[in-house]
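Visitor: Sequence and predicted model, in that order:
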Amino acid sequence: AQSVTQPDIHITVSEGASLELRCNYSYGATPYLFWYVQSPGQGLQLLLKYFSGDTLVQGIKGFEAEFKRSQSSFNLRKPSVHWSDAAEYFCAVGSYGGATNKLIFGTGTLLAVQP
Amino acid sequence: DAGVTQSPTHLIKTRGQQVTLRCSPKSGHDTVSWYQQALGQGPQFIFQYYEEEERQRGNFPDRFSGHQFPNYSSELNVNALLLGDSALYLCASSLGSSREETQYFGPGTRLLVL
């Protein structure tokens, strides 16, 4: 079955510290992978996506993610966290079938940033 | 360029009632998907509309239905509301439904069922 696992429910980092959010997926074919961010009271904003090619993808707001097929992982990283990065982060895999493209999401990681 | 818009932003209903949520896709997009996000969970796919037809449906009962209009806007209807239907309902739009197409999300409608 297709699924996404985000092992960390809640992470707290200090402002200026580096960040890595973990994501593992289960998908039979070549995965299409996404990271979205959700601020309080907001919808989901796309940070970055991986379809093919270079396994290190750059996104908005200084985020990057690395696709590792051997580990079925797509971890999100940022070298220096800003207070405005506090939000919930969702990893998703694109599932295609029946002429429909749907997203399967993980349960999210809530990021808190302390001064 | 207007993004995805949803109305209303918040809604309170009682058990057994019916509700209609509305979504206008991003300009130029023709495909609308609906997701339910329960508290503390990731969004779950309800269904997708393209060319006014429902495509694939997720694991949701027939109480959940939808419609897409010729201008590509969409409605989500939920009948016989249950307490468990309380959630944030997200609409996403894309241009077509190929795997390469990115889905853009609206701010959501928060539904509370009492």
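Guide: Good, I have the coordinates. Residues are numbered from 1 along each chain as shown, chains lettered A, B, ... in the order given.
Visitor: Tell me the secondary structure at the residue of chain B at minimum distance from chain A.
Guide: Residue of chain B nearest chain A, by C-beta to the nearest C-beta: residue B:42 (3.3 Å). Using the backbone N, CA and C atoms, a C-beta is placed for each residue, glycine as well. Applying DSSP: H, G, I helix; E, B strand; the rest coil to residue B:42 yields a three-state assignment of coil.
Visitor: middle-most residue in chain B, spatially?
Guide: Centroid check for chain B by C-alpha atoms, centre = their mean gives residue B:34 as the closest residue, at 3.1 Å.
Visitor: so what's the residue nearest to residue A:86 when sequence neighbours are not counted scoring on pLDDT?
Guide: Excluding the flanking residues, the one nearest residue A:86 by C-beta to C-beta, 6 or more residues apart in numbering or on different chains is residue A:113, at 4.5 Å. You'll see residue A:113 listed with a pLDDT of 97.
Visitor: burial of residue A:113, as a residue count?
Guide: 19 (other C-beta atoms under 10 Å in any protein chain shown).
Visitor: likewise residue B:85?
Guide: By other C-beta under 10 Å, 20 other residues sit near residue B:85.
Visitor: thinking it is in contact with residue B:113, fair?
Guide: Yes. With contact defined as C-beta atoms under 8 Å, residue B:85 reaches residue B:113; the gap is 5.2 Å.
Visitor: per-residue pLDDT, residue A:96?
Guide: The model's pLDDT for residue A:96 equals 80.
Visitor: How about residue B:1?
Guide: Looking at residue B:1, its pLDDT reads 62.
Visitor: And for residue A:32?
Guide: pLDDT, residue A:32: 91.
Visitor: measure it to chain B for me?
Guide: For residue A:32, the distance to chain B (C-beta to the nearest C-beta, to the nearest Å) stands at 5 Å.
Visitor: Give me the buried stretch members for the lowest-mean-pLDDT helix or strand in chain B, please.
Guide: The least trusted helix or strand in chain B, going by mean pLDDT, DSSP states H and E, turns out to be strand B:53-57, with a mean of 89. Of the residues in strand B:53-57, B:55, B:56, B:57 count as buried by neighbour count, 16 or more other C-beta atoms under 10 Å in any protein chain shown.
Visitor: can these go into CSV with extra columns for distance to chain A?
Guide: Formatted as CSV, the buried residues of strand B:53-57 follow (distance: C-beta to the nearest C-beta, whole Å):
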residue, distance to chain A
B:55, 4
B:56, 4
B:57, 9
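Visitor: Count the neighbours of the nearest residue to residue A:49 once chain neighbours are set aside for me.
Guide: Leaving out its chain neighbours, the residue that sits closest to residue A:49 by C-beta to C-beta, 6+ apart is residue A:34, at 4.8 Å. Neighbour count for residue A:34, taken as other C-beta under 10 Å: 26.
Visitor: How far away from the center of its chain is the host helix or strand of residue A:34?
Guide: Using DSSP states H and E, residue A:34 maps to strand A:32-38. With C-alpha atoms, centre = their mean, to the nearest Å as the basis, strand A:32-38 stands 5 Å off its chain's centre.
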